[in-house]
Structures are given as structure tokens and as C-alpha cells.
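> Generate coordinates for the sequence data below:
(2 chains)
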2 protein chains.
Amino acid sequence: MSVHLAKGMRDILPVELRKRRSIVERIQRVFEQFGFEPLQTPAVERIETLMGKYGDEGNKLIFRILARGKAGEQGKADSALRYDLTVPLARVMAMNPQLPLPFKRYQIQPVWRADRPQRGRFREFYQCDVDVVGTTNALAEAECVAIVHHALVELGFSSFRIRLNDRRILRQMVSAIGALDREVDLLVAIDKLDKIGESGVRENLLGQGFTAEQVDRLFVMLNTGEIPDIAPELANLEAIQEMAQAMGVHPDRVAIDYTLARGLDYYTGPVFETILTDDNIGSVSGGGRYDGLIGMFGKQQVPAVGVSLGLERLITIMEERNMLQDTSGQADVFVTVFDDAHQVHSLQIAQALRNEGFRTLVSMKGGKLGKQFKKAHNAGVRWVIVCGPDDLENGTVQVKDLQSGTQESIPRNQLVVGLQS
Amino acid sequence: MSVHLAKGMRDILPVELRKRRSIVERIQRVFEQFGFEPLQTPAVERIETLMGKYGDEGNKLIFRILARGKAGEQGKADSALRYDLTVPLARVMAMNPQLPLPFKRYQIQPVWRADRPQRGRFREFYQCDVDVVGTTNALAEAECVAIVHHALVELGFSSFRIRLNDRRILRQMVSAIGALDREVDLLVAIDKLDKIGESGVRENLLGQGFTAEQVDRLFVMLNTGEIPDIAPELANLEAIQEMAQAMGVHPDRVAIDYTLARGLDYYTGPVFETILTDDNIGSVSGGGRYDGLIGMFGKQQVPAVGVSLGLERLITIMEERNMLQDTSGQADVFVTVFDDAHQVHSLQIAQALRNEGFRTLVSMKGGKLGKQFKKAHNAGVRWVIVCGPDDLENGTVQVKDLQSGTQESIPRNQLVVGLQS
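As a prediction, this is how the structure comes out:
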């Protein structure tokens, strides 16, 4: 019998999982401070719900699930694995008109994409989204910006920049060079400025048949910011910045950037993206306003804006920079078992500690205390308890503090208080 | 565009999700008190890993996933969705020989089964397992029993019984009536005693061709407990009970019960199951020792024992009995916006509160305070803050306590302290 993971999948073992949880808890706390509520959607969606929402490339990466009742392995797929958290949210909103608006939800769940597996990239990974549904008020955008800012600070980052733009501003540029029919090509090209620079993008656009005049005009606008008829959108972006600052966002960490395009089709207004200014890993967060998506599911248009934190990328960076410690370990206390006859006392001592909140291991084997101490050390506990025949007679326990190296005899009925102090 | 969930799937909306989380957190705390460590395995496993582990019925219920790169909806499945948490654990153990034994892990993740959906039963549901891998010491069983006991008490249950038996004791009965070749049929029949009573099981067995003599002899053993050659297994069960009691398990809540069979094939020693004595919903927890399963994946046999809490069933009961409250609500504080010109002050006030840990909403619309109070009420907050032109001049804020109905004016710089007290 072979023993393998499915392709692109991974297990998350305890040490790593405790680190991940500490990150997720800190992010979640920020989400909740802003009054966002948790939502969970199922891993499995109808195929029709997902198809056509992520572009041609996306469609190909959706994992399809066979309909029930097919005994063999061949068959027809009628459902698929969640590909992101935004489309399921749109479905939820369309199906639950009773939800009071604005609906502020966060969602931290895995998604699945049949990408070609690469080092550090998996086919199952967590997304971490907040969205505000049901308002066009720019405070919603500002909260997204503030949440990203505070979550990153909470995780220990200080060198980052949240870039802001508006799809309608990009559109004005596209329109100014008379290329509205090729908007997507232009956005995709502009989106590469980070990676291939101005000359690279110029070459790319010329190669796609844009005229030199069009390309020149585009870069004048990008470089000077002199774009026709963008006053309302610009004022809106400035308002978002001001509101974000009132919510504690550092002014140096937010900037309007007309070159920011964002890949996804469905954005209709402001878009944002966050880069670490001391790392070239790419964006660690992205989002924007999408006032058209929910209307694809329901009878009416419902405005929405949201942002996603790149959890997996943040974990990678934090791991590289040694920003993650497994501080809690497996347990706090390890209670040794002197021998089988004394096991019951060890169990009672352990339970008294557990009742006071100490995470407590009891040795699965009696005797050979040296071996038991080694187990205790490997488990990362701070205290090891020994209760032998003499202790039993004297009503004491021996407590070794692995942190300080000290050992002392404590009356058994004062053990809990002793460890708490 | 139609808008539906996939068959048998469900969304978990905020109020319900907060309730579920409070349950899971309490259970998790008990797991961690016993030094169990968290593990996550991927939703997707290789088909070979899952097939043949759950019996014929189980095989049919496994959701199969199409291999990548099939553009159409037809194709061949090469992976499948996790069906339980035990088989993935066995795979993890076989793949990770570096893990120190005994390995004590808990795992709380969804599993998927293509069951025919019924009221209250879904195709995606959470399992909640603890297992001890790598020891034959009966303390592992005792910890499983103690964990189930303490978790149920922690959730507010008091009327329950943990039933204990041993597969080898059942086997002795089967052997005593000369039916070792029909062990599975007998276990399945005995397992129905709860539901159809002695006469029902007798009829069932006679109908299957067992002789009246065999059936009589079986029931003499079940009813008197006089079963040949079970002294070691019985002593072991009694030791488990004693150890569990030393860890705080109430003696009336654990009982040896020779009629307990448990469905799964892979158990090899002690088995346990928990029923609520004041409810006929069936078992809310089950488990046992399975010393052969991990060896199916790895090169060597590794003993293991584990128990699963029936999270979904417990939630159903707790919901029915009104044992679940959404005590935390969406937020603690709602900060109104007097008008657009005063928004920045509201944002600053809100952020000061968030920084102190208050979950704080700011109105997405200025003006019409009555409407804003209604929103605040619906959000379940305790405090509503108003900061109007007069307040701005006087350096105050108005705080309405929705719990007590009182309203008072507080100096703005003392707001946080005021709410904390």
C-alpha cells in the first residue's frame, strides 16, 4: 500500500499549526475590532456558481467533483471546490435577503486551485477576507485599508505601503488614448509595471499593436497624474485616505498610485494592494469595490467592497524572518509516573492542574524517570512533577522548573498555587 | 442565473457560527488540557488512501474529484474528499516517522460524505477527534474517556453514560457459540439491541440462520456477563475505569456494557460510546483502539486509540435545549456619525475604543440618529456613542448604555476608562 499525499496537498503538523493559529487569531481580532462578523460557506459549490467568474484561466483551475452514485471512477461533475471566498459571499448575499445591510463579514477558510504545484505553493490554501456589502459609502473602503494596516502592524510588519487607485481612473486613461475596446489588455500590461518596468511595458504594448503615440500618451498620464476628468474619483480616494488616517493608519503607508490595476475583472471602483517595501515577494493584500458581482446572482445590484490578506505569503515571510515562534508548546506541565502502583496519584495531581487551566501531560509509562524527563523536555513543558513513595508519605510533590533549572519540594495541596505564582 | 447551494451543503451565518465556535473552543480547551496537539490534514486525499477503509457502504459515499486538465466535465477521478479524520491520521503517522511517540493529536475539521441529504444531516460536517498513537498503555483509553466526560460537562451536559466494552470480549462470545466465521453479522445484530431490543435481535439472528441454541447461549452471556476467558480484557476495562475516575470522571457515568459493539471494522480492543441518558438521539461520541490501521499504510504496526465527539449532534441537542446563546453579538460599541462633517471625530473615537479591545462599529451613514440607534440595537451592542457639535465644543461624548437604558455625558478622554469600569 503506497502512502502519499494527493498532489499539491500538505499536512500541517502541530508546531506549524500553532504558529499559523497565532497569526490567524491576531488577524481575526483586528477584523472583530471593526465589527466584522464571521461567515462560513461550504467547500463544495454548484459548478454553475463558480464557472465564468474567474476568467478562462480560473475556470481551468477549478476542481470538479463527480456526481453521487457513480460506482466507477468515470462520470460527470456537478459540483466543484470553492475557488475563492468572494463568489460564495455573493451567492450568500443573493440567497439571504434577510441579512441587515451593510453586512460586514470576515471569512477565513481554505480554497482549492488545480495550479501546477510549486515549491511553497499548494493546491489547498487559506484565504482571509473582509467585505462590506450593501453600502457605497467610502468609509467601507477606508475600513478595508485600516484593517490591512492594523493587521500587518499586529503581525509585526512596519515597512509596507497600501497603494490605492480607482478602476474608473484607469478607464479614463484608456479612454484618453482611444482604446476603450482594449481595456483589459491595457490593464494587464499596466499591472506588470512593478515587475518589468516602463520599458518592458512599452515594448509589450507596442508588440500588441498599440501605437507609439498611444503608449507615449499613456505614460505621460501615468507619470504626471494629469488624467482628464478624474476629479470625483480622486476626491474619493483622498477621502478614503483621510478616513483611514482618522482610524490610526500611518500617512506614509498609504499612497495613491495610478499604475495599480489589479487583475480581477469584477472591480468597479477603488482598488487597493499592499506591498512590503523591504521585500520583493509581491503583494500581501489586495481588494477593491465590486458593485456588479452580487447582481449576477440575485435580482438586484448590491454594492460591495472587500479586501483579502495573503495569509500564506505572510506566513512564508514571517517564517523566513523568524517572526514566528511556537511559544506555547505542547503542554505546560509533565507529571511523571513513579511506577504503576503510584499512577493513580499522578493522575489525580494532573487533573487538579488541568482543572486550573494547566495543559498537563502524564507519562504513558511508569519507572525510568530519566526517560520521562527526556519526554517532558521534548514536549516543551516548563514544569515536571515527581510524586514518589516518600512524597506520598509526606504529602509533597517534587517540582522541577525546566526554565530556571531549580527543583523544590512543595506540599501537594499547594502545588497549583505554587505554579500559578 | 440560478442561485443555489450544492446539494446537502449549507452556509453558516454569523449568529450560528459564533455559537458553534463557542462550543468548539470549549472542547478544544479540554483537548489541550490533556496535552493533545492540533493537526490539520488536507481536504483532498488520493483515492487509494481512502478506498477500502470504510466498508462497501463507505466507499460509495466518498466524493471523487476529477484529475486536472480535463476541460470538459467528463473525466477520471484521481483524488477524493476526506471522509473521516482517522484514516488521514494513519497516513500522517506512516509518512512522519520522526514524530515522537506517543503522539497525542486532536483534529477538528469538516469531512464530506455523499449521503442522501436529510433534515439536519449534511454532506459536509465537522468531526472532532482525539487520538493517542504509539502506546498500548490503557491510560490512553482512560484519557479518551476522561476527555469525553469533561468535554460534555464543559458543554453543560450532566445526564450521560460512557459505555465500555472490548472487541475481544465480543469475540469470545462469538467463539463460545461457534460462530467465528460470522462475527460481523453477529456484531451488527448486537449493535441493534438499543433500538430493537432483545426480542428484535433474537428474531433477526434466527432469521439469519443462527440456531435457537446459539441465540439463547448468546443472550445468557450478554445478560449475566458470564463469558468464558475474558479475565484479562475485563481487568483492563476496570483499570480504564479506575484511571478515568482518578482523572475526575464521575463513576456513575462510566459502565462496562457487553452489548456495545460499534460499527467500524478496524477496532481491535476496547471500544466506547456515549449516550445521553435523557435523550434518545443516539450516541454523541464513540471510539476505540485500532492497533492494525496504521500498519496498512506504513511498514510497521503502530498501536492507536481514539475517540470522536459527535459535534453536529451535540449542537443539534444544545440548540433544542436552548443551551446555546450568542452572548457576544456583532460588536460591543456603536459610534454614531452626527453628520458628514463630524465623521472624522467618530472615527477617532471608534479607533481609541478598538485599540483597547472594544469591538466597535461606526455608522456607515451620517445624520438621522434614530435610524442609527436602531442599527446599533440590531447589532446587539451594549453602548451607543454620540458626538455632536456641542460635545465637540465641550470635549465630551454621550454614552447610552442599551443594557441599563441610562445615558450620560463623559469627557472624551475618559471614555475608554468609563466603558471598562
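> Just give the nearest non-adjacent residue to the closest residue to chain B within the stretch 151-300 of chain A, would you?
Closest contact between the stretch 151-300 of chain A and chain B, by C-beta to the nearest C-beta, is at residue A:246 (3.8 Å). All C-beta atoms are positioned from the backbone trio N, CA, C, and that covers glycine. Among residues not flanking residue A:246 along the chain, residue B:347 sits closest, at 3.8 Å (C-beta to C-beta, 6 or more residues apart in numbering or on different chains).
> Do a quick rundown of the helices in the stretch 1-150 of chain A.
A:14-33, A:47-50, A:55-60, A:86-95, A:139-155 (DSSP state H, counting those that start in this stretch).
> gap between the last one and the chain center?
When you say that, I think you mean helix A:139-155. How far helix A:139-155 lies from its chain's middle: 13 Å, per C-alpha atoms, centre = their mean, to the nearest Å.
> right, is that helix up against chain B?
Yes - Helix A:139-155 reaches chain B (C-beta under 8 Å from any C-beta of the partner chain) through A:139-140, A:142, A:146.
> with these in mind, which one is nearest to residue A:335?
Using C-beta to C-beta, residue A:146 is the member of the residues of helix A:139-155 next to chain B that lies nearest residue A:335, at 46.7 Å.
> if we can go back for a sec, pick the most deeply packed of the helices of the stretch 1-150 of chain A.
helix A:139-155 (a mean of 24; mean count of other C-beta atoms under 10 Å in any protein chain shown).
> can you list the residues of the stretch 251-400 of chain A near chain B?
For the stretch 251-400 of chain A, the contact set with chain B under C-beta under 8 Å from any C-beta comprises A:296-298, A:330-331, A:343-344, A:347-348, A:350-351, A:354-355, A:357-362, A:364-365, A:375, A:378-379.
> Just the buried subset of the residues you listed, written out for PyMOL, thanks.
Of these, the buried ones can be selected in PyMOL as follows, counting by 16 or more other C-beta atoms under 10 Å in any protein chain shown:
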select buried, chain A and resi 296+297+298+330+331+343+347+348+350+351+354+358+359+360+361+362+364+365+375+379
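> need the contact list for the residue nearest to residue A:395 when sequence neighbours are not counted.
In this structure, residue A:395 finds its nearest non-sequential neighbour in residue A:412, 5.3 Å apart by C-beta to C-beta, 6+ apart. By C-beta atoms under 8 Å, 6 or more residues apart in numbering or on different chains, residue A:412 lies in contact with A:349, A:387, A:391, A:395-397.
> Just give the nearest non-adjacent residue to residue A:378, would you?
Spatial nearest neighbour of residue A:378, excluding adjacent residues (C-beta to C-beta, 6+ apart): residue B:100 at 5.7 Å.
> next one: residue A:123
residue A:8 (3.2 Å).
> distance of residue A:303 from chain B?
Distance of residue A:303 to chain B, computed by C-beta to the nearest C-beta, to the nearest Å: 11 Å.
> residues touching residue A:222, list them.
Counting by C-beta under 8 Å, 6+ apart, residue A:222 makes contact with A:173, A:190, A:258-259.
> before we move on, what SS does it have?
Three-state call for residue A:222 (DSSP: H, G, I helix; E, B strand; the rest coil): helix.
> Equivalent analysis for residue A:266, please.
Under three-state DSSP, the three-state class of residue A:266 is coil.
> Residue ranges in chain A under the pLDDT threshold?
For chain A, the stretches flagged by pLDDT under 70 are A:1-2, A:68-75, A:264.
> surely residue A:345 meets residue A:393?
No - Residue A:345 is beyond contact range of residue A:393, at 11.5 Å (criterion: C-beta atoms under 8 Å).
> neighbour-wise, which of the two wins?
Each of residue A:345 and residue A:393 has its neighbours counted (other C-beta atoms under 10 Å in any protein chain shown); residue A:345 has more, 20 against 8.
> Report the separation between that one and residue A:337.
For residue A:345, the distance to residue A:337 (C-beta to C-beta, to the nearest Å) stands at 9 Å.
> you'd agree residue A:156 is up against residue A:318?
Yes - taking contacts as C-beta under 8 Å, residue A:156 lies within contact range of residue A:318: 7.4 Å.
> the more surrounded of these two?
residue A:318 (17 against 11).
> Helix, strand or coil: sort out the closest residue to residue A:168 other than its chain neighbours for me.
Nearest residue to residue A:168 in three dimensions, chain neighbours excluded: residue A:233, at 5.0 Å (C-beta to C-beta, 6+ apart). Under three-state DSSP, residue A:233 falls in the helix class.
> For residue A:233, give me its contacts.
Listed by C-beta under 8 Å, 6+ apart, the contact partners of residue A:233 are A:166, A:168-169, A:172, A:269.
> Apply 10 Å and report the result again.
By C-beta atoms under 10 Å, 6 or more residues apart in numbering or on different chains, the contact set of residue A:233 is A:165-172, A:227, A:269-270.
> need the contact list for the residue nearest to residue A:378.
By C-beta under 10 Å, 6+ apart, the contact set of residue B:100 is A:330, A:374-375, A:378-379, B:134.
> The residue nearest to residue A:246 and residue A:142 touch, don't they?
Yes - if you go by C-beta atoms under 10 Å, residue B:347 and residue A:142 touch, sitting 7.9 Å apart.
> any shared contact partners between those two?
A:242-247, B:362.
> Just put those in TSV and tack on secondary structure and distance to residue B:108.
As requested, the shared contacts of residue B:347 and residue A:142 are exported to TSV (DSSP: H, G, I helix; E, B strand; the rest coil; distance: C-beta to C-beta, whole Å):
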residue	secondary structure	distance to residue B:108
A:242	helix	43
A:243	helix	38
A:244	helix	36
A:245	helix	40
A:246	helix	39
A:247	coil	34
B:362	strand	34
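> Nearest to residue B:292 among those?
For the shared contacts of residue B:347 and residue A:142, the nearest to residue B:292 is residue A:247 (58.2 Å; C-beta to C-beta).
> Count the neighbours of residue A:363 for me.
Residue A:363 is flanked by 25 other residues according to other C-beta under 10 Å.
> Check the one 4 residues further on too.
Using other C-beta under 10 Å, the number of residues around residue A:367 comes to 13.
> Tell me the secondary structure at it.
Judged by three-state DSSP, the three-state class of residue A:367 is coil.
> contacting residues around the closest residue to it other than its chain neighbours?
Nearest residue to residue A:367, sequence neighbours excluded (C-beta to C-beta, 6+ apart): residue A:339, at 5.4 Å. By C-beta under 10 Å, 6+ apart, the contact set of residue A:339 is A:366-369, A:388-389.
> can you put these in TSV and add distance to residue A:324?
Shown next, in TSV, are those (distance: C-beta to C-beta, whole Å):
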residue	distance to residue A:324
A:366	37
A:367	38
A:368	35
A:369	34
A:388	39
A:389	44
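> Any buried residues in stretch A:326-342, and which?
Buried, per 16+ other C-beta under 10 Å, within stretch A:326-342: A:329-338, A:342.
> centre of the chain versus that stretch, how much separation?
With C-alpha atoms, centre = their mean as the basis, stretch A:326-342 stands 34 Å off its chain's centre.
> Which residues are in contact with each of residue A:156 and residue A:318?
Shared contacts of residue A:156 and residue A:318, counting by C-beta under 10 Å, 6+ apart, come down to residue A:324.
> and the contacts of residue B:100, which of them are in helices?
A:374-375, A:378 (DSSP state H).
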